[in-house]
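**Q** show me the folded form of this:
(4 chains, ligands or ions: 2)
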Amino acid sequence: MPAYNEKVMDHFMNPRNVGEIKNADGVGEEGNPVCGDMMTFYIKVKDNKLDDVKFKTFGCGAAIAVSSMVSEMAKGMTLDEAMKLTPADVAGKLEGLPKNKLHCSNLGAQALHEAIKDYRNKQKAKAGGK
Amino acid sequence: MPAYNEKVMDHFMNPRNVGEIKNADGVGEEGNPVCGDMMTFYIKVKDNKLDDVKFKTFGCGAAIAVSSMVSEMAKGMTLDEAMKLTPADVAGKLEGLPKNKLHCSNLGAQALHEAIKDYRNKQKAKAGGK
Amino acid sequence: MTKVYLDNAASTPILPEVKEAMLPFLGEIYGNPQSLHDWGDTARMAVDEAREKVAGLIGAQAEEIIFTSGGTESNNLAVKGLALAQQTKGKHVVVSAIEHFSVLHSARTLEKWGFKVTEVPVDKYGVVNPADVKKAIKKDTVLVSIMHANGEIGTIEPIKEIAKITKELKIPFHTDAVAAAGTIPVNVGDLGVDALSLAGSQFYGPKGAGALWVRKGVRIIPLLDGGIQEGGRRGGTENVPGIIGLGKAAEIATAQMQSRIKKLTPLRDGLIKGMPAKIDHVVVTGHLTNRLPGHASFCVEFIEGEAMLMLLNSKGIAVSSGSACTSRALKASHVLIAIGLSHEIAQGSVLFTLGLETTKKDIDYVLETMPPIVDRLRQMSPLYDKFIKTGKGGK
Amino acid sequence: MTKVYLDNAASTPILPEVKEAMLPFLGEIYGNPQSLHDWGDTARMAVDEAREKVAGLIGAQAEEIIFTSGGTESNNLAVKGLALAQQTKGKHVVVSAIEHFSVLHSARTLEKWGFKVTEVPVDKYGVVNPADVKKAIKKDTVLVSIMHANGEIGTIEPIKEIAKITKELKIPFHTDAVAAAGTIPVNVGDLGVDALSLAGSQFYGPKGAGALWVRKGVRIIPLLDGGIQEGGRRGGTENVPGIIGLGKAAEIATAQMQSRIKKLTPLRDGLIKGMPAKIDHVVVTGHLTNRLPGHASFCVEFIEGEAMLMLLNSKGIAVSSGSACTSRALKASHVLIAIGLSHEIAQGSVLFTLGLETTKKDIDYVLETMPPIVDRLRQMSPLYDKFIKTGKGGK
Ligand SMILES: Cc1ncc(COP(=O)(O)O)c(C=O)c1O
Ligand SMILES: Cc1ncc(COP(=O)(O)O)c(C=O)c1O
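**A** Ligands and ions are numbered 1, 2, ... in the order given. Here you go, the predicted model:
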């Protein structure tokens, strides 16, 4: 097995929040299947907070565990808090990742950030459209 | 053990004709301790035949076995016959020697030949002295 | 829990008879084969007997066998040693694009030493075209090294045809038969090659023991300088227990070759036919029929190999993958890329290599376990999502 | 018949505990340590544990250990790999005149690659003078390789003193500790070296398993190109049973070091004092006291080593010799020549290396068996004859 700890294994075997949110308020995609991993995050926002977070991930065990952890951490955060979520926070919460898998933890936070940006852009567009 | 056959081992473990002949009719020395092996052959001649042959050898198992075999083969030969004894004859009679030990069989015959030459030189000297 | 080991390409179990043969050499027989006394004699005679057996497996002469520490050392010795021995004649070598890293990286080292290397391509089944080898050969080519069978996609190469070319041009031809020897019939006379690598851990022998066969009269520069072991071609105290095990494994493989092939081929075909039948969007990698008898390899679209491995492992099934995520360098297998697969498809690589212990039941278990695993990962996969919604992204 | 094995420098027996530890890895644990499943995990964890144990033997960190196929490979990897890694800085290496062939011949290969090699002499006890090493070092020296202890004459070298010089000049220092590690205390921190070779078959571990320790941060070019095993520094499927055996042997050697030395030293001294007392014209080779605990080596004048070996063997005693006749190249040991012995005296080389099974009774048996054998060969020897008659030719 890859050198994953129990926490990572748990999030891989029992990933939280897998799926798609129909009519999501924001969608973010990060990574590229050519490079190995790709993640899509879906968010639902209520009162400037992440009311729901779901994801789909193509990638290795670490990529799936990271996505799951990001979704769990992000849920309930304000958008600003979530934008401050770093790959290191995620890797830390997972109690460490193998060195060559650290790039996966970058992708997870980035995909979430992209979803928030997407939400904000849409809000701006709506505001502009008013 | 070196790759010696039974015949060689027999002549090494039970060498024939080891020793020195006091007042030998001819003495021949061949080889050089620096190169690894050295043999001294002593002969007693009677009616132009090798009446007795003895040797001393410094060297490996093959060198000792070869000396022993040479002495055994030579005994009773006429001097001319003995001068025709070749290293190949000796190695053949020993049923083969490891390739890297073949040079030992050269020394054995040569030392015997030296002893015969020594005898002949002494005879000449005696004849000349008359 | 059901335990199904289908990673025999990574390492086979050791046969009980092989272990049995090795035991005295981990116990009462401890002499150094080079020693000039009874202890040494006993060891040397056993090593010589093993040499005969390994030679027997490939139709060679015992004194042509150089014992090594495994396939990688055999390949390093062959590629570097044969090229260096001839460097006054020229500095060009030819390899295929799907060689094992022990050949490819040795060739890269030769480049550092001033050699030029040409990589011959393969077709979509992983087959080298002998005409391409002929084209690649130049005036100053001093070595051709093309593998006998590929461990990742199972394809068997047309070695005999390539040897006809190299023979005519008088260029030494090495074949990495690490995945082939002991598994399919390999006869150096019949093949017409000049050097051949094999390894014990591929045919129920011990790890740490391999051999390079070099045709009598072909010069080779040692890789391990030192003592006069292996006729001066490989220094170092002989790995006596390993060599004895390798010899025993070779002897048994020689005897059981046909029955093993007969046993493994239908099981393999069960997977090769069963997998695409049970799961949509599965690509068989390698040649469909001209492949190693126990070797079934696939790419499953829209999902990634490491995740598949981990879920299969959780169900007791051991396999391997050539996905980028399973490699430490995070690069997709050069073999899968060479047969023309996209990086995306190559990510779904999964490799089942069957062995003597494999049963029909194991195959059924795999065919039953795989679909829900693939399903689960596809349900998670944004690529599959897109494909379902747009029809785009499939092969 | 009495059987006395005194050739432990050629190969030690394997300890029963070592064999025991290896057995599961010849049986139920057959995974490849690189495989990503439970079978692989079990093997990898065991290899990692062995790595800790080998590191423990020499006071190193586990990740600094590179497992190899034995002492010869470790030395080839060290000498070639360290020199090549630094060749842009310079192309000069320093070795001693009494290195093992795996170091000397590796240095010769470096010469073919454009390096210059300086051989530092030794004194009549086989001791390297650190000042000579300092003198030999030039501006473009990129490697010093001096052995820790010599396997033929037992002498222990002043490694720590040499390391002070190399450290000051910032030149990587490799020591071949194949004869020392596991036999006398060896601590890489204490010694101050940068790389160190060891081999299992020298301390009751299996043949075919060795290690090279390379200090973290010191660059080395692999000898076996291939996969990512051993941190990319040595390709090839790991010899798992061998590595486990090496680890166990290292663990036991660490624990028993002092008691072994206490046991062996008086037995050795029994021979070193007893032999010249019982037989005239015997020279002790190597240092009289600063030598390996189980190592007693001599030259017996006027007779030749191979013949001695054969007669000792016929009495059940296993020893070795550095005589020209015992070498396949028919050259006297370069070590005996380097300590200033004449070829003639070197011919009488005989080497007793004691082990854990050696008893006082064995030593007595040897001291009783040797004189008639020496006598018998001297009676046959024309050199002895001359010496007796003329007093000439003795040392
Ligand atoms: C075709 C091929 N060559 C070489 C090797 C390397 O062999 P080893 O790992 O025994 O060094 C392998 C290993 O699987 C292989 O499949
Ligand atoms: C000092 C020294 N170095 C290296 C070696 C070579 O080790 P191996 O034969 O295990 O390859 C030996 C072997 O006896 C040795 O004594």
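**Q** near chain D at all, the lowest-mean-pLDDT helix or strand in chain A?
**A** When the helices and strands of chain A are scored by mean pLDDT, DSSP states H and E, helix A:102-129 comes last with a mean of 91. No. Contact of helix A:102-129 with chain D (Cβ under 8 Å from any Cβ of the partner chain) is absent, the minimum separation being 15.6 Å. Glycine gets a C-beta too; all of them are placed from N, C-alpha and C.
**Q** is chain A contacted by the helix or strand containing C:E344?
**A** Element membership for C:E344, per DSSP states H and E: helix C:343-346. Yes. Counting by Cβ under 8 Å from any Cβ, chain A is contacted by helix C:343-346 at C:H343, C:E344.
**Q** surely C:K248 and C:E17 touch.
**A** Yes. Counting by Cβ atoms under 8 Å, C:K248 touches C:E17, with 6.2 Å between them.
**Q** the more surrounded of those two?
**A** C:K248 (26 against 14; other Cβ atoms under 10 Å in any protein chain shown).
**Q** so where is chain C shaky, pLDDT-wise?
**A** Chain C contains residues with pLDDT under 70 at C:394-395.
**Q** just want the most central residue of it.
**A** C:A179 (2.8 Å; Cα atoms, centre = their mean).
**Q** so the closest residue to that residue other than its chain neighbours, which of the three states?
**A** Residue nearest to C:A179 in three dimensions, not counting chain neighbours: C:G151, with 4.1 Å by Cβ to Cβ, 6 or more residues apart in numbering or on different chains. Three-state call for C:G151 (DSSP: H, G, I helix; E, B strand; the rest coil): coil.
**Q** neighbours around C:G151, how many?
**A** When neighbours are counted by other Cβ under 10 Å, C:G151 registers 24.
**Q** touching, it and C:H100? I think so.
**A** Yes. C:G151 lies in contact with C:H100 (Cβ under 8 Å); the separation is 6.8 Å.
**Q** so for these two, which residues contact both of them?
**A** C:V178 (Cβ atoms under 8 Å, 6 or more residues apart in numbering or on different chains).
**Q** go through stretch C:150-158 and flag the buried ones.
**A** C:N150, C:G151, C:E152, C:I153, C:G154, C:T155, C:I156, C:E157 (16 or more other Cβ atoms under 10 Å in any protein chain shown).
**Q** what residues does the helix holding C:E344 touch?
**A** By Cβ under 8 Å, 6+ apart, the residues outside helix C:343-346 that reach it are A:33-36, C:283, C:299, C:301, C:322-324, C:332-333, C:336-337, C:383, C:393, C:395.
**Q** kindly export the helix or strand just after that helix (C-alpha atoms) in PDB.
**A** Per DSSP H and E, helix C:343-346 leads on to strand C:349-353 as the next helix or strand towards the C-terminus. Output of strand C:349-353 as PDB, limited to C-alpha atoms (Å, rounded to 0.1, in the frame of the first residue of the first chain):
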ATOM      1  CA  SER C 349      -3.900   0.900 -15.700                       C
ATOM      2  CA  VAL C 350      -4.400  -2.300 -13.800                       C
ATOM      3  CA  LEU C 351      -2.400  -5.500 -14.200                       C
ATOM      4  CA  PHE C 352      -3.300  -9.000 -13.100                       C
ATOM      5  CA  THR C 353      -0.500 -11.600 -13.200                       C
END
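**Q** who does strand C:349-353 touch, helix- and strand-wise?
**A** strand C:295-300, helix C:305-314 (3 or more Cβ pairs under 8 Å, 6 or more residues apart in numbering or on different chains; DSSP states H and E).
**Q** ok, residues contacting it?
**A** C:6-10, C:152, C:271, C:285, C:292, C:294-300, C:305, C:308-309, C:312, C:319-323, C:332-333, C:336, C:366.
**Q** please apply the same query to stretch C:10-24.
**A** Contacts of stretch C:10-24 (Cβ under 8 Å, 6+ apart): C:5, C:201-207, C:241-242, C:244-245, C:247-249, C:252, C:320, C:353, C:355-357, D:26-27, D:30-32, D:34-35, D:40, D:237.
**Q** ok, 7 Å please
**A** When contacts are defined by Cβ atoms under 7 Å, 6 or more residues apart in numbering or on different chains, stretch C:10-24 is touched by residues C:201-207, C:241, C:244-245, C:248-249, C:252, C:320, C:355, C:357, D:26-27, D:30-32, D:35, D:237.
**Q** quick one: which of the residues you listed sit in strands?
**A** When the contacts of stretch C:10-24 are checked against strands (DSSP state E), there are no matches.
**Q** buried ones among those residues?
**A** Buried residues within the contacts of stretch C:10-24, defined by neighbour count using 16+ other Cβ under 10 Å: C:201-207, C:241, C:244-245, C:248-249, C:252, C:320, C:355, D:26, D:30-32, D:35, D:237.
**Q** on that earlier part again, out of the contacts of stretch C:10-24, who's near chain A?
**A** When Cβ under 7 Å from any Cβ of the partner chain is applied, no member of the contacts of stretch C:10-24 is adjacent to chain A.
**Q** what subset of those residues is also close to ligand 2?
**A** Near ligand 2, judged by Cβ under 6 Å from any ligand atom, there are no entries from the contacts of stretch C:10-24.
**Q** out of these, list just those in helices.
**A** Per DSSP state H, helices hold the following members of these: C:P241, C:I244, C:G245, C:K248, C:A249, C:I252.
**Q** pass me the low-pLDDT residue ranges in chain A, would you?
**A** Where chain A drops to pLDDT under 70, the residues are A:1, A:129-130.
**Q** for whichever residue of it sits closest to chain C, give me its contacts.
**A** Scanning chain A for proximity to chain C using Cβ to the nearest Cβ identifies A:C60 as nearest, at 3.5 Å. By Cβ under 7 Å, 6+ apart, the residues touching A:C60 are A:D37, A:C104, C:E304, C:E306, C:A307, C:C325.
**Q** what about the fourth one, how many neighbours?
**A** Spelled out, that is C:E306. By the criterion of other Cβ under 10 Å, C:E306 has 29 neighbours.
**Q** my guess is it contacts C:A324. True?
**A** No. Counting by Cβ atoms under 7 Å, C:E306 stays clear of C:A324, with 8.9 Å between them.
**Q** close to ligand 1, is the strand or helix carrying C:I261?
**A** Using DSSP H and E, C:I261 sits within helix C:240-278. No. Helix C:240-278 lies out of reach of ligand 1 by Cβ under 6 Å from any ligand atom, never closer than 11.2 Å.
**Q** which strands or helices does that helix pack on?
**A** Applying 3 or more Cβ pairs under 7 Å, 6 or more residues apart in numbering or on different chains; DSSP states H and E, we find helix C:240-278 packed against helix C:16-22, helix C:38-57, strand C:282-284, strand C:295-300, helix C:360-380.
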